[in-house]
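[1] Build me a structure from this.
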Amino acid sequence: MIRLKTLARISATTLLAIAGTYQLSSCSDDDDEPKVDITGTGVTAGSSNQSTREVYLLNEGNMGKNNASLDCFDYSTGKYFLNIFAAYNPTATLGLGDTGNDLQTYNGRLYAVINGSNLVQVTDLSTGLARGTISIPSPRNIAFGGNYAYVTSYSSASAGDEKQPKGSVYKVNLSTLAIEGNAVTGYQPEGVVYSDGRLFVANSGGYMYPNYEHTISVVDAASMKVTGTIDCGLNLGDEVLDSRGNLYVISTGNYSTVSSKIYVINTRTATVSDSIATSVSAMAVAGDSLYIIGVEYKAPTYEPVNSYALYNTATRQFVGNGFITDGTGSAITLPYAVAVNPATREIFVADAKDYKTPGELRCYSQKGALKWKATTGVIPGHIAFSDKRLKGLK
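    Next up, the predicted model:
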C-alpha cells in the first residue's frame, strides 16, 4: 500500500520564508482558561472514572489544502468534538496547517507534526491553547526523552545542493522549543524511537523508487552523533517499542515483488532479532500484544484487501483471527491508523474512506467488539491519549 504521507522537500530559501510566517516560539502559560465553550456530538455513554480523559485524533487533510485538523473524544461526556484546535485558537489564521504527520502527548502538552507547514504545533492539554511552534523543514515523526523532543526530517542542514540529500533528526529543548542539534541519517527518515539514551531512526528512501532505503540509523541522543547502522528491510516506516526493549519496524517493501513485513530490533544490541511475515501498513503495541493493520492492493482489480492481526510479542505467535472479533471489520473501507488506550485496552481504528471526504474513528472493546464510531476530519491518521481533561468541553 502506498501511504498518503506527504513527500515534501524544502530549500534554504523556502525555510527562511517559512520562518517569517511561523516564528519558533514558546508562549506564556499565564492564561490558563480556554476562550470558548464547545459542544460535541454524543457517541457513547459518559464515564468520569477514567484515568484516560481524552482521545485526540490528528486528521492529515489533503496535501496543499491547509485542512489538517484536530479532533477530541471526551470520556467524561461520551462526546466527540471536531476541529478543536481552530475552536480554541481562533487567532491562528492558518489553522493547524497543511498535512498532519504525527501526534504525541508528553508532559501535559500535545505535539502535532505538520509536514506541509514545516512545523510542530505545541498545545496545552488542559486548556487547548497553542503554546508555541517549532520550525523544522519537512518534519515526519516525533519521540521524547527527558526534556527533549526528537523530530525526523526529510531535509538535512548539511545536505547542500545534493540532488538526493539525506535526511536528519533534530533535537529540540522542550523548555525553550529551540533546536539544539541534529544528526544526518539515511534517506527520507520516518519513524523515530527513543530508548535508553539512543535514537532509532527508520530510513525509508521514499523518493528512491524502486531502490528504497533499508537501514535504521542509531544515534546517541546526548551528542547527536550516529553511532551505528542496522541493515533491515526495504522502505522502512513506523516504529513501536515494547516493554522488553524490542523495536518493531514496518518494512513497506517495494509495492510489487517485495511484500510488507515487520522487523524486530533488539535495542540493547542494535541488531535484527526476528521478522514477522504479515501484511502491515499500521500497528500499535500494548502489553504483550501487537495490533497490526494490513492493506494490500492485489491484481487484477487492485481493490484494497484489508486485514487485522493480533500478535503475541512474548510467545511470538499470532493470536486468533485478529483483533476485531465481531465481524464489523468488513465495514471499514480503508483502515489507516490503530492505537490502544493504555488504561482500558480499548482499540481505536481510523478509517480514511476515500482520502477526500470525512473519515471515521471506531472504538472497539478489549475483546474486539465495536463500542462506538464517529465522523472525523479528512484522512484521520494519528491517535494520542491524555490523562488531562480539556476545559471548555460541553
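
[2] L119 contacts I134, correct?
    Yes. Counting by CB atoms under 8 Å, L119 touches I134, with 6.2 Å between them. Bear in mind the C-beta positions are built from the backbone N, C-alpha and C, glycine included.

[3] E360 pairs with what?
    Beta-bridge partners for E360, by DSSP bridges, are D351, T375.

[4] Roughly how far does the residue lying closest to S289 once chain neighbours are set aside sit from M283?
    Nearest residue to S289, sequence neighbours excluded (CB to CB, 6 or more residues apart in numbering): L310, at 6.1 Å. As judged by CB to CB, to the nearest Å, L310 and M283 stand 11 Å apart.

[5] Now for these two: what residues contact both?
    290-292 (CB atoms under 8 Å, 6 or more residues apart in numbering).

[6] Out of those, flag the one nearest to S386.
    Proximity of the shared contacts of L310 and M283 to S386 (CB to CB) peaks at Y291, which lies at 20.0 Å.

[7] Can you add neighbour count and pLDDT and give the shared contacts of L310 and M283 back as CSV?
    Shown next, in CSV, are the shared contacts of L310 and M283 (neighbours: other CB atoms under 10 Å; pLDDT from 0 to 100):
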residue, neighbour count, pLDDT
L290, 27, 98
Y291, 25, 98
I292, 26, 98
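
[8] which among these gets closest to T375?
    Nearest to T375 out of the shared contacts of L310 and M283 is Y291 (CB to CB; 22.8 Å).

[9] how near is that closest one to T39?
    Computed with CB to CB, the distance linking Y291 and T39 is 32 Å.

[10] for T176, same thing?
    In terms of CB to CB, T176 sits 36 Å off from T39.

[11] returning to what we had before: could I get the phi/psi values of the residue nearest to S289?
    The phi and psi values for L310, taken as degrees, to the nearest 10, are phi -120, psi 120.

[12] who touches it in this structure?
    By CB under 8 Å, 6+ apart, the contact set of L310 is 289-292, 318-320, 322-323.

[13] before we move on, the earlier item: T176 and T39 - which one has more neighbours?
    Applying other CB atoms under 10 Å to T176 and T39 shows that T176 carries more neighbours, namely 13 against 10.

[14] So for the more buried one, what's the pLDDT?
    Note on T176: pLDDT of 98.

[15] Which strand or helix spans it?
    Under DSSP states H and E, no helix or strand contains T176.

[16] So the nearest residue to L57 once chain neighbours are set aside, which state does it fall into?
    Distance criterion CB to CB, 6+ apart; nearest residue to L57, sequence neighbours excluded, is D71 at 4.3 Å. Three-state assignment for D71 (DSSP: H, G, I helix; E, B strand; the rest coil): strand.

[17] Would you confirm that D71 contacts G377?
    Yes. Assessed by CB under 8 Å, D71 is found in contact with G377 at 6.2 Å.

[18] Quick check: neighbours shared by the two?
    Residues touching both D71 and G377 by CB under 8 Å, 6+ apart: 57, 59, 82-83.

[19] which one of those is nearest D387?
    Lowest distance from D387 to the shared contacts of D71 and G377 (CB to CB) belongs to L57, with 16.8 Å.
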